[in-house]
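**Student:** This is a predicted model, with the sequence first.
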Amino acid sequence: MTAITQAKRWNRSEVPEEQTWNLNDLFTSDQEWEDELAAVQADVDQITDYKGKLGTDADTLLNCLVKLENYEKRLIKAATYASLKASADGADPKNQGDSAKVSAALANIGAKLSFVESELLTLSNETIQQFSQEKPSLQTYQKMLEDVLEKKPYTLSPEIEETLAALSEVHDAPYMIYQRSKSSDMDFPSIQDEEGNEHPMSAALYEDRFEITANTDLRRKAYDSFISTLDHYKNTYAAAYATEVTKQVTISRLRSYDSVTDMLLQSQQVTTEMYHNQLNIIQKELAPHMRKFAKLK
């Protein structure tokens, strides 16, 4: 008789070290990360010193963009450290606290740095071209400058842009609520394979393992476990999603976009016609084959 086993879902502390991220490549300790996060917030003044000066001359603009690039590298490194720790164990109160610290820091920094884009938008194409000719090193940032200028018709006053940047943590709340509840608060029923062996379930295990397993029976049981658990939170998720939709609609109207779709496509530099063309091709060319495939299955 085959022995039935029950797999155990490890706590983060139980995972073998060789199977975990080596975050020492980013920071050797939490204290080092804390110090850098504090330093990054203090050093934002190195960029804000250029406020009101970006249109002065080519040297000023170049110096600001170079410092901003180096500053953002440090910011990304600090944010990534906290993000990876939260991804590894989202239920850990310290990791949640560190994520909150980063979110608050990013919102504060984003508000202070919003002047860069606002001031760039006051510069004409001719001025930017002249600066690039005077300072060839500015050509490194040509794509970034072009991307900013494309947003000129949809940009609000500097004061409103700063306010919106300061509220970024609030704007990101619906997705954060979904992610944190799914990864930290939910208990998914374990599942059994054909031999009676029990397998633990979680959102991460479903999305990374069971959803793509070749074992049809196990895949379907995992799906049922996943969906039935999400169903308990459907009203909460509906409210969070409705909030996200309301946010997108409100911002698109404030920025004078024709629709939310236009606003979301603008950052991807894709036209509405290209987007609808892709959808039409999928519906007309691909869908019939997929329906035939589904019938065969």
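**Tutor:** Nice, I can see it. Numbering: from 1, shown residues only.
**Student:** Report the mean confidence score over stretch 256-265.
**Tutor:** What stretch 256-265 shows for mean pLDDT is 94.
**Student:** tell me which residues of that stretch are tucked away?
**Tutor:** Using 16 or more other C-beta atoms under 10 Å as the test for burial, stretch 256-265 gives 257, 260, 262-263, 265. (C-beta placed from N, C-alpha, C; glycine too.)
**Student:** just the residues you listed now: which is nearest residue 238?
**Tutor:** Checking those against residue 238 with C-beta to C-beta, the nearest one is residue 260 at 18.2 Å.
**Student:** what about the closest one, distance to residue 225?
**Tutor:** Here residue 260 is placed at a distance of 34 Å from residue 225 (C-beta to C-beta, to the nearest Å).
**Student:** just curious, which of the buried residues of stretch 256-265 is nearest to residue 74?
**Tutor:** Using C-beta to C-beta, residue 263 comes nearest to residue 74 of the buried residues of stretch 256-265, at 29.8 Å.
**Student:** Show me what the helix or strand hosting that closest one is packed up against.
**Tutor:** Using DSSP states H and E, residue 263 falls within helix 260-266. Helix 260-266 sits against helix 234-254, helix 272-281, with contacts defined as 3 or more C-beta pairs under 8 Å, 6 or more residues apart in numbering; DSSP states H and E.
**Student:** Those into JSON lines, with extra columns for mean neighbour count?
**Tutor:** Shown next, in JSON lines, are those (neighbours: other C-beta atoms under 10 Å):
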{"stretch": "helix 234-254", "mean neighbour count": "14"}
{"stretch": "helix 272-281", "mean neighbour count": "11"}
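**Student:** residues near residue 37, how many?
**Tutor:** 21 (other C-beta atoms under 10 Å).
**Student:** Ramachandran angles for it?
**Tutor:** phi -60, psi -40 (degrees, to the nearest 10).
**Student:** show me what contacts the residue nearest to it when sequence neighbours are not counted?
**Tutor:** The shortest distance from residue 37 to any non-neighbouring residue, by C-beta to C-beta, 6 or more residues apart in numbering, is to residue 78 (5.0 Å). By C-beta atoms under 8 Å, 6 or more residues apart in numbering, the contact set of residue 78 is 33, 36-37, 40, 102.
**Student:** Tell me the confidence at residue 10?
**Tutor:** 63.
**Student:** swap in residue 4?
**Tutor:** 48.
**Student:** let's have the chain start at 515 instead
**Tutor:** With the count now opening at 515, the last piece we talked about shows up as residue 518.
**Student:** From the contact counts, what lies against whichever helix or strand residue 646 is part of?
**Tutor:** Using DSSP H and E, residue 646 sits in helix 639-648. Here helix 639-648 touches helix 572-602, helix 656-664, going by 3+ C-beta pairs under 8 Å, 6+ apart.
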